[in-house]
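# only the shape, not the letters, is given here:
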């Protein structure tokens with residue numbers, strides 16, 4: 001009888017050991033799957049980080065760049081330009097554009113581009129920055 005009990009104990013020990021191994025095997029498989037999923041996510045994140053960043057000049061809220069080809073060749077006619085066209089000049093905003101139009105309405109057409117300096121708020125420095133782009 002002791003032999004049977006000892007054999008049964010050995011059998012139960014072996015059965016417990018086998019069930020423990022199967023549980024740890026399924027746990028290992030689950031761990032491997034989760035690790036592979038995590039690794040794929042990390043590699044995707046690394047690939048996204050390698051994409052070159054957009055410079056602040058190209059950021060959508062930054063001031064749009066003027067097309068240098070058109071800005072260099074096109075002259076702004078002081079006698080016909082509207083406020084939006086005048087604002088394309090360097091240093092000329094809404095108020096100065098309105099002042100240029102008001103001067104033109106009061107005094108008639110500009111006779112030469114240097115007369116632009118007679119407009120309030122436009123001095124020699126602003127005129128010299130823009131004189132290559134001014135026309136009549």
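Received the coordinates, thanks. Because the structure is a prediction, the values reported are computed rather than measured.

# does residue 86 touch residue 97 like I think?
Yes: using Cβ atoms under 8 Å as the test, residue 86 is close enough to residue 97 to be in contact (3.9 Å). For glycine as for every other residue, the C-beta is placed from the backbone atoms N, C-alpha and C.

# any idea how this structure splits into domains?
1-51, 67-135 (automatic domain parsing).

# make a markdown table out of those and add mean neighbour count and mean pLDDT.
Shown next, in a markdown table, are these (neighbours: other Cβ atoms under 10 Å; pLDDT from 0 to 100):
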| stretch | mean neighbour count | mean pLDDT |
| --- | --- | --- |
| domain 1-51 | 9 | 76 |
| domain 67-135 | 14 | 87 |
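
# tell me the spacing between the residue located most distally from the centre of the chain and residue 12.
Each residue of the chain has a distance to the centre, and by Cα atoms, centre = their mean the biggest one is for residue 1: 83.3 Å. Using Cβ to Cβ, to the nearest Å, residue 1 is found at 16 Å from residue 12.

# now residue 87: phi and psi?
When read as degrees, to the nearest 10, the backbone of residue 87 gives phi -70, psi -10.

# and what of residue 76?
phi -100, psi 120.

# surely it and residue 133 touch.
Yes: with contacts counted by Cβ under 8 Å, residue 76 reaches residue 133, the gap being 5.7 Å.

# next, show the common contact partners of those two.
Residues within reach of residue 76 and of residue 133 at once, by Cβ atoms under 8 Å, 6 or more residues apart in numbering, are residue 89.

# how far does stretch 86-98 sit from its chain's centre?
27 Å (Cα atoms, centre = their mean, to the nearest Å).

# same check, this time on stretch 97-109
Distance, centroid of stretch 97-109 to centroid of chain: 40 Å (Cα atoms, centre = their mean).

# got the contact list for that stretch?
Residues outside stretch 97-109 that contact it (Cβ under 8 Å, 6+ apart) are 78-79, 82-84, 86-87, 92, 110, 116, 118-122, 136.

# among these, which pair sits farthest apart?
84 and 118 (22.3 Å; Cβ to Cβ).
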